[in-house]
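> okay, predicted coordinates and the sequence, questions at the end:
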Amino acid sequence: MNSPKITFLVNSGPDSIEAVRARGLARRLPPEKTRFLFRNGSRLSTGFRWDAELKRDRPDLLYVLNTAMPGAALAVWWRRRHGIPYLIDTGDAIHEMARRSGIQGGWRLPLLCLLEKISHRDAAVVVVRGTRHREHLVASGLPRVTVIRDGYAAQASATPGSVEKLRRHLGLDGRFVVGVMGSLVFSPSLGICYGWDLVLALVELKELPVTGLIIGDGDGKSWLEAQAKAAGVADRVVFSGRIPYADVPTYLRLMDVALSTQTNNLPGQVRTTGKLPEYMAAERFILASRVGEAALLLPELMLLDYNGEVDDGYPGRLAKRVRLLQSQPELLEVRRTMPPLAFRECNYDLLSQKLVDLVRELPTA
C-alpha cells in the first residue's frame, strides 16, 4: 500500500525543540512525501499561510505538533471541511496545566479547554509522550491514543575537550555540579518556577563545593535570580540562558547530577518531558521526583518522593540526596545504565518506526 503524503504542522519555529521532534519522527518516512510547515509570525498570519499551503499541495494526512493555535484548530477545520485526517501530538494536559499554574487565565482558559477537547476527539489518533498520559486520556473516553516518547539529540558533538573547555569558561572546575534544563516560566498560582528546588537545596549545601547550573530562559529567570540572591547562593548558581539544541549534549555533560522535577498532580503525572531522554543519553545521574514517566523508567536511587503541587520539603530531600552522592561518588556509576536505556526507549529511529507503523494502520495508508 502506498505511503501517504504527510504534512507536519509545527506550532513553533524551525529551530525549536518541536521542530527537532518533527524531523526526528519523520526520519523513516519517505522524504518526497513529507513536508514541514513551521510557525512564522503571529498565530493568525501563520494559520492563513498554512491554509494556503495545504490548498496548494493537499496532503493525505496532517501531523500536528502540540495542542496549540493555529495547528490544532486548522487540523480540525481541514478534517471537517476537506475530510483530511490528522494525528495530534501532545506532551501535556494543557488545559489542566494552564488552570493549575495560572499562566493562562480569563477567556483563554475555556478556549484552551475547548480546543483540547475538540482536537483530541476529532483526531485519527492522539499521540502522547508518556504512559500515564495515555491512561488518563483512555480513561476519559478517548480510545485512539498511542505513546511515542520524546527523543534525544545526537551525542557526537559532546567531546571531552569541548566539555572541559566549557567547564572552564563557566567557572565550574573543581565543583560538584547539580543542573537543570527547561523552560523558566513562573507560575503565578503555584508561586514557583522550574529550578526553584535547586536554588533552595543549595542553601542546605553551603559547606560543600556544589554549584547549580540552570539551562534555559523565560519570564521566570529573573525570579530565580532574585530567589538565589535572597537565599545567599547567587554566587553558586550559573545561569547559561537559552542554548542551541546542538549544544545540549555538551552542556549536560557538565552536570554530575541532573534534575527532573515534576509536580505530583495531573500535569506532572502525564509528562515524560523532553529533558529526561536527553539526560539519559548524556549518561547523567538523574534525580527525579517519583512522578510520571520518570517513575517508570529510572532506578530507585534516582527517585525522590514529591507530595502535591508545591512540596516545601522537597528541596531538603533533594539536598540530602545530593550530599550523599557528593560524599560517595561511586553511587554515580549507575548513570552508565542510562544511555542503553535511552537507546532502547527514546532513539529517533525507534520512534520514527513507531510512527511509520501507526500510519500504516490508518485508512489513508
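Now that the structure is in, tell me what you want to look at. Computed from a prediction, not measured in an experiment: that's the story for all the values here.
> show me the shaky parts of this protein.
1, 93-95, 97-107, 268, 272, 364-365 (pLDDT under 70).
> please redo it, this time with the cut-off set to 50
Applying pLDDT under 50 to the chain flags the ranges 1, 365.
> okay, strands next: where are they in it?
Here the chain has its strands, by DSSP state E, at 6-10, 34-38, 61-65, 86-90, 125-128, 145-147, 176-181, 210-215, 237-241, 257-260, 285-289, 303-304.
> show me what the fifth one is packed against.
The reference is to strand 125-128. strand 86-90, helix 131-139, strand 145-147, helix 348-361 (3 or more Cβ pairs under 8 Å, 6 or more residues apart in numbering; DSSP states H and E). Every C-beta, even on glycine, is put in place using the N, C-alpha and C of the backbone.
> what's the longest one packed up against?
When you say that, I think you mean helix 348-361. Against helix 348-361 (3+ Cβ pairs under 8 Å, 6+ apart) you get helix 17-25, strand 125-128.
> out of the ones you listed, nearest to Leu331?
Leu331 sits nearest to helix 17-25 of all those, at 30.8 Å, using Cβ to Cβ.
> which secondary structure elements does that closest one sit against?
Partner elements for helix 17-25 (3+ Cβ pairs under 8 Å, 6+ apart): strand 6-10, strand 34-38, strand 61-65, helix 348-361.
> contacts for that helix?
8, 10-13, 36, 38, 63, 65-66, 89, 148, 150-151, 153, 245, 274, 348, 351-352, 355 (Cβ atoms under 8 Å, 6 or more residues apart in numbering).
> of the residues you listed, buried ones?
For the contacts of helix 17-25, a burial check counting by 16 or more other Cβ atoms under 10 Å picks out 8, 10-12, 36, 38, 63, 65-66, 89, 148, 150-151, 153, 274, 348, 351-352, 355.
> I figured Phe239 hits Ile214, correct?
Yes. Phe239 is in contact with Ile214 according to Cβ atoms under 8 Å; the separation is 5.2 Å.
> so what sits against both of those two?
Common neighbours of Phe239 and Ile214 are listed as Lys221, Leu224 (criterion: Cβ under 8 Å, 6+ apart).
> those two - which one has more neighbours?
Between Phe239 and Ile214, counted using other Cβ atoms under 10 Å, Ile214 has the larger neighbour count: 26 against 18.
> tell me how far Lys180 lies from Ser352.
Actually, residue 180 is Val. It isn't Lys. Distance from Val180 to Ser352, counting by Cβ to Cβ, to the nearest Å: 28 Å.
> okay if I get the helices and strands packed on strand 125-128 as TSV plus distance to Glu207?
Below are those laid out as TSV (distance: least, Cβ to Cβ, whole Å):
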stretch	distance to Glu207
strand 86-90	44
helix 131-139	38
strand 145-147	44
helix 348-361	43
